[in-house]
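**Student:** Requesting a structural model of the entry that follows:
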Amino acid sequence: MSKSAAPHHGEPRTVLLRGGEVHSPADPFATAMVVERGHVAWVGSEGAADAFAEGVDETVDLRGALVTPAFTDAHVHTTATGLALTGLDLSRAATLAEALDLVRAHAAARPGERILLGHGWDAARWPERRAPSRGELDAATGGRPLYLTRIDVHSAAVTQALLDLVPGITAMSGHHREQPLTGDAHHAARAAAYAAVTPEQRTEAQRAARAHAASLGIGSLHECGGPDISSEDDLTGLLRLAAEEAGPRVFGYWAERVHDAGDAEKVRALGAIGAAGDLFADGSLGSHTACLHEPYADAPHTGSAHLDAAAVAAHVEVCTEAGLQAGFHAIGDAALTAVVEGVRAAADKVGLPRVRAARHRVEHAEMLTPDTVAAFAELGLTASVQPAFDAAWGGEDGMYAERLGAGRARTLNPFAALLRAGVPLAFGSDSPVTPFDPWGTVRAAAFHRTPEHRISVRAAFTAHTRGGWRAVGRDDAGMLVPGAPADYAVWRTGELVVQAPDDRVARWSTDPRSGTPGLPDLSPGAGLPVCLRTVVGGHTVFVRPDE
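**Tutor:** All right, here's what the predicted structure looks like:
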């Protein structure tokens, strides 16, 4: 890809991109696009682009590259992602022994850090089939404080030295001798660990996460903060950074219950657009804390309920009255039942049209039933979901089957049923739970491990672009049409294909008569597109160094 001027943060007033493929519903055969004052001004054919050539400040020769809307990641923990990118990441550790070696090396390399932080262990993938014990971690760190989150971030292995920093933690729910912390004990340990992160470290982590997202064609992030997850300073600092420095946009959510108009105003004062995100109705399947109607297959209990239907109803009612988006983290079938019953009770009080118009959202929404899917459609709830979860833990031999049994596991993440019911989908990663990987996310939805839950590549792509904008109440963005924000990415890719209209996944065509913009072939084994450039609001935020 060639350019007439070096990229910089202050984008020229008018830019012409030509000589490629532009994915636009305004013109399925577009090969050129004009950007002016941060918005798409025109899309069309190469021949028609000549009319703009004299009046632009920059011309970009795409050399056959694909231009698409930038992706939106609808569920992110930005600081935690940056800390994982720059610190101790155990997500690739293949055994418990390897994880302990990595902890040992990390501690030796950072003798001056008061508290060591790490993320990503997953005992379900290890031959030892168990988490690191407190004693093992004490030995690996030389007795220093260590906070080490499981891959789902709903439990953490810690050292005794970290416990010693939290008075009364041994009496809190979720404290287990020699076992990972969950519940209140985990929240208290997390608060103590993150309190040791300096403002400078936090800012550098946020910069690293935003830069990495931009390098993958992600133009917007939905930050899911909250008092049990991060801090007010973390959220406000991130929003300030995003406003001051080039990079992906950040839409903030604050996961704290609101009881009255004053609480709602506090959420707005933080800069958040909703009292939503990880407002926990339950926990996670991997940590045995998702709330189920029937016990786990591998544990004699049904998980943890954090909110009942009455609490959900009260929160949604106040948010709706205040014109504020509400939302909840709900994974287990019992938690999802409580959420839909609560939202329906709020709709009975304030009116269903007002609840639907507010576009309240549910994060993860994994163990849906036909009844809860229908309720999502009835109540206008957005399903903010993570297809990479199925890729990581689905299938006959995956963690979901281990936790639930194969029969219940096959019901998880029913994307096709949601789309058939008319439920809006917004795709995300829950990074650092699963990494930023937008094309991999689209592939995971199109090639779901349970075939009946698969959706088309086009539907998945829409959920990861326009769907994220719709989830924040914007219907005018996430697509390359005149007037839309100029948030786009340029990709090096193979041949573009169009799915046959009568087949959700398997059959492909390159026939231009379909009148449908093509997308890359994402079938298993095909290489994923490579991001060459990412632009947000007309400002270049990433250019691949070798281009």
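
**Student:** can you tell me the distance between the two ends of stretch 362-375?
**Tutor:** 12 Å (Cα to Cα, to the nearest Å).

**Student:** give the contact list for residue 152.
**Tutor:** 284-287, 433 (Cβ atoms under 8 Å, 6 or more residues apart in numbering). The way it works is simple: take the backbone N, C-alpha and C, and place the C-beta from them, glycine included.

**Student:** Same list as before, these that is, but in a markdown table and with neighbour count and distance to residue 532 included.
**Tutor:** Shown next, in a markdown table, are those (neighbours: other Cβ atoms under 10 Å; distance: Cβ to Cβ, whole Å):
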| residue | neighbour count | distance to residue 532 |
| --- | --- | --- |
| 284 | 27 | 36 |
| 285 | 28 | 37 |
| 286 | 25 | 36 |
| 287 | 24 | 39 |
| 433 | 29 | 28 |
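
**Student:** Downstream of the helix or strand where residue 238 lies, the next helix or strand is which one?
**Tutor:** For residue 238, the host element (DSSP states H and E) is helix 232-244. Downstream of helix 232-244, the first helix or strand assigned by DSSP H and E is strand 249-254.

**Student:** Packing partners of that following strand?
**Tutor:** Under the contact definition 3 or more Cβ pairs under 8 Å, 6 or more residues apart in numbering; DSSP states H and E, strand 249-254 sits against strand 218-225, helix 232-244, strand 274-275.

**Student:** and the angle for the helix or strand following it with helix 232-244?
**Tutor:** Using DSSP H and E, the helix or strand that follows strand 249-254 in sequence is helix 261-269. If you take axes from the mean of the first three to the mean of the last three Cα atoms, to 10 degrees, helix 261-269 sits at 40 degrees to helix 232-244.

**Student:** For helix 261-269, list every residue counted as buried.
**Tutor:** 263-264, 267 (16 or more other Cβ atoms under 10 Å).

**Student:** same thing with stretch 447-455?
**Tutor:** In stretch 447-455, counting by 16+ other Cβ under 10 Å, buried: 447-450, 453-455.

**Student:** From those residues, which land in strands?
**Tutor:** Secondary structure from DSSP state E places none of the buried residues of stretch 447-455 in strands.

**Student:** Now for the residues you listed: which two are most distant?
**Tutor:** 449 and 455 (13.4 Å; Cβ to Cβ).

**Student:** picking that back up, ok, of the contacts of residue 152, which one's closest to residue 206?
**Tutor:** Closest to residue 206, out of all of these and judged by Cβ to Cβ, is residue 433, at 17.5 Å.

**Student:** quick one: which of the contacts of residue 152 is nearest residue 149?
**Tutor:** Nearest to residue 149 among the contacts of residue 152: residue 433, at 9.2 Å, using Cβ to Cβ.

**Student:** residue contacts, residue 538?
**Tutor:** Residues in contact with residue 538 (Cβ under 8 Å, 6+ apart) are 11, 15, 35-39, 486.

**Student:** of these, the lowest pLDDT goes to which?
**Tutor:** Of all the contacts of residue 538, residue 11 carries the smallest pLDDT score, 54.

**Student:** returning to what we had before: pLDDT added to the buried residues of stretch 447-455, as a markdown table?
**Tutor:** Formatted as a markdown table, the buried residues of stretch 447-455 follow (pLDDT from 0 to 100):
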| residue | pLDDT |
| --- | --- |
| 447 | 97 |
| 448 | 98 |
| 449 | 97 |
| 450 | 97 |
| 453 | 98 |
| 454 | 97 |
| 455 | 97 |
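
**Student:** And the strands in the stretch 351-500 of the chain?
**Tutor:** 361-364, 382-385, 425-427, 488-492, 496-499 (DSSP state E, counting those that start in this stretch).

**Student:** Which other helices and strands does the longest one contact?
**Tutor:** On a contact count with 3+ Cβ pairs under 8 Å, 6+ apart, strand 488-492 meets strand 66-69, strand 530-536.

**Student:** now swap in the first one and tell me
**Tutor:** With contacts defined as 3+ Cβ pairs under 8 Å, 6+ apart, the packing partners of strand 361-364 are strand 325-330, strand 382-385.
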